[in-house]
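Student: predicted structure and sequence below. I'll ask about it afterward.
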Amino acid sequence: MDLVTQTAILPLLFGCLGIFSLFRVLQRIRSRTYLRNAVVVVTGATSGLGRECARVFHAAGAKLVLCGRNVTALEALVSELAGSHTSQGQTHKPYMVTFDLTDPGAIAAAAVEILQCFGYVDILINNAGVSYRGAIRDTIVDVDRRVMEINYFGPVALTKALLPSMIKRKRGHIVAISSIQGKISIPFRSAYAASKHATQAFFDCLRAEMEQDNIEVTVISPGYIYTNLSVNAVTADGSRYGALDKNTAQGRSPAEVAQDVLAAVGKKKKDVLLTDLLPSLAVYLRILAPGIFFRIMASRAKREQKSKNS
Ligand SMILES: NC(=O)C1=CN([C@@H]2O[C@H](COP(=O)(O)OP(=O)(O)OC[C@H]3O[C@@H](n4cnc5c(N)ncnc54)[C@H](OP(=O)(O)O)[C@@H]3O)[C@@H](O)[C@H]2O)C=CC1
Ligand SMILES: CCCCCCCCCCCCCCCC(=O)OCC(=O)COP(=O)(O)O
């Protein structure tokens, strides 16, 4: 390296690195301040990703309202968190609110109960959800409706019920846990993919409409996570699938994904894809070369059908 390079390039390089590190430190401080003592509502907190979100937001100092249908599982989580401490500062004992997302009356009552816990909500994490496995031609419409009710209409109703208090305070953050299947549709997941595409669309509209009221909207689209999602999935006739799929078992750990959710919320990200390279490329392929994408999906459907029949 000659003298000119040493005197001109190196100081510039170190300067840029310094600014970048400073920016990262400031961002971390801002994110910690944003989450500490924030009132955070997590739906589907009884298992999988929701339970891990509860753990990481609790450790970050958030005041939690945990939701689900399974009272025993919620109580166990509340007592686990109430007894846990973190080196990062004060933690708060969570509240729990039980309701079924398929019941509009229960959602309205739950919203009132949620608001009574701390008087307001800073961050709502719409995480609860159910998946589906089946061929469209065999699937009863009640199943399509049920999946839409839990994954789409339920979160929409809860969001609408909590929104007025956020607008009044000119402060709030709505998070939707979608899926990569909210961006691309894969065969034998029609009801699930449709509900997640609807989720993406609704919360994208909400983001635009709410910016003037200072309300943030984050849509998070993960790939496979190792949870009970496939076990709890509903099938063509409405029965429970009941099996842990290989793809799910090979998915990311929910604790790790929850850390990514925490980081995305702390940084007020608008749209986050949490997948491996191939599924991410598939999203671009769907936009840039839809014909090729559709052909890949059709051969995937044929392959799956064949292996089911054999
Ligand atoms: N696992 C994966 O591979 C992926 C998951 N996701 C998304 O992550 C989110 C969490 O799923 P995950 O943790 O994997 O799956 P789990 O099956 O482990 O958790 C689902 C949660 O949703 C709640 N839930 C289900 N039905 C209802 C209902 N009718 N009313 C209220 N709550 C309900 C359940 O609580 P309870 O039974 O107590 O009601 C449970 O806590 C979902 O939105 C899913 O689509 C996205 C991409 C990949
Ligand atoms: C330029 C080269 C591009 C090559 C593209 C190849 C196409 C690859 C297809 C990838 C499909 C990925 C599907 C991922 C599905 C997924 O992660 O879903 C997450 C979930 O929500 C899981 O729910 P499920 O009930 O389906 O287990």
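Tutor: Okay, I see it. Numbering: from 1, shown residues only. Ligands and ions are numbered 1, 2, ... in the order given.
Student: what's opposite V40 in the beta bridge?
Tutor: In this entry, V40 is beta-bridged to L64, I123, by DSSP bridges.
Student: quick one: contacts for it?
Tutor: The contact partners of V40, by CB atoms under 8 Å, 6 or more residues apart in numbering, come to 57, 62-65, 121-125. To be clear about C-beta, it is placed using only N, CA and C from the backbone, and glycine gets the same treatment.
Student: remind me what whatever helix or strand F20 lives in packs against, helices and strands.
Tutor: Here F20 sits within helix 3-35, counting by DSSP states H and E. If contacts are counted by 3 or more CB pairs under 8 Å, 6 or more residues apart in numbering; DSSP states H and E, helix 3-35 sits against helix 254-266.
Student: contact residues of the stretch 151-300 of the chain facing ligand 2?
Tutor: 179-181, 186, 189, 192, 223-224, 229-230, 233, 245, 247-248, 278-279, 281-282, 285, 296 (CB under 6 Å from any ligand atom).
Student: buried among the residues you listed? Need that as a selection in ChimeraX.
Tutor: Burial among those is assessed by 16 or more other CB atoms under 10 Å; the matching ChimeraX selection reads:
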select :179,180,181,186,189,192,223,224,229,230,233,245,248,279,282,285
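Student: point out where the stretch 1-150 of the chain drops to low pLDDT.
Tutor: Regions of the stretch 1-150 of the chain meeting the criterion pLDDT under 70 cover residues 1-6, 16, 87-88.
Student: what segments of it are helices?
Tutor: 3-35, 48-59, 71-82, 104-118, 141-148 (DSSP state H, counting those that start in this stretch).
Student: let me know which of these is tucked in deepest.
Tutor: helix 48-59 (a mean of 25; mean count of other CB atoms under 10 Å).
Student: so that one versus helix 3-35, what angle?
Tutor: Between helix 48-59 and helix 3-35, the angle comes out at 100 degrees (axes from the mean of the first three to the mean of the last three CA atoms, to 10 degrees).
Student: number the residues from 59 up from this point.
Tutor: Okay, residue one is now 59; in that scheme the one you just asked about reads as helix 106-117.
Student: dump helix 106-117 to CSV, restricted to CA.
Tutor: Extracted as CSV, the C-alpha positions of helix 106-117 are listed here (Å, rounded to 0.1, in the frame of the first residue of the first chain):
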residue,chain,number,x,y,z
GLY,A,106,-44.4,-22.5,20.1
LEU,A,107,-43.4,-19.1,18.8
GLY,A,108,-45.9,-17.2,21.0
ARG,A,109,-44.5,-18.8,24.2
GLU,A,110,-40.9,-17.9,23.2
CYS,A,111,-42.0,-14.4,22.3
ALA,A,112,-43.4,-14.1,25.8
ARG,A,113,-40.1,-15.2,27.2
VAL,A,114,-37.9,-12.8,25.2
PHE,A,115,-40.2,-9.7,25.6
HIS,A,116,-40.5,-10.5,29.4
ALA,A,117,-36.7,-10.6,29.6
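Student: where does V277 sit: helix, strand or coil?
Tutor: strand (DSSP: H, G, I helix; E, B strand; the rest coil).
Student: of all the helices of the stretch 59-208 of the chain, which one is nearest ligand 1?
Tutor: Comparing those by their distance to ligand 1 (CB to the nearest ligand atom), the top pick is helix 106-117, with 2.2 Å.
Student: export the helices of the stretch 59-208 of the chain to a markdown table and tack on distance to V100?
Tutor: Below are these laid out as a markdown table (distance: least, CB to CB, whole Å):
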| stretch | distance to V100 |
| --- | --- |
| helix 61-93 | 13 |
| helix 106-117 | 5 |
| helix 129-140 | 10 |
| helix 162-176 | 11 |
| helix 199-206 | 21 |
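Student: what's the closest of those helices to A215?
Tutor: For these, the distance to A215 is smallest for helix 162-176, at 4.6 Å, taking CB to CB.
Student: contacting residues around the residue nearest to K254 when sequence neighbours are not counted?
Tutor: Nearest non-adjacent residue to K254, counting by CB to CB, 6 or more residues apart in numbering: G240, 3.4 Å away. Applying CB under 8 Å, 6+ apart to G240 gives the contacts 251, 254-255, 257-258, 277, 279.
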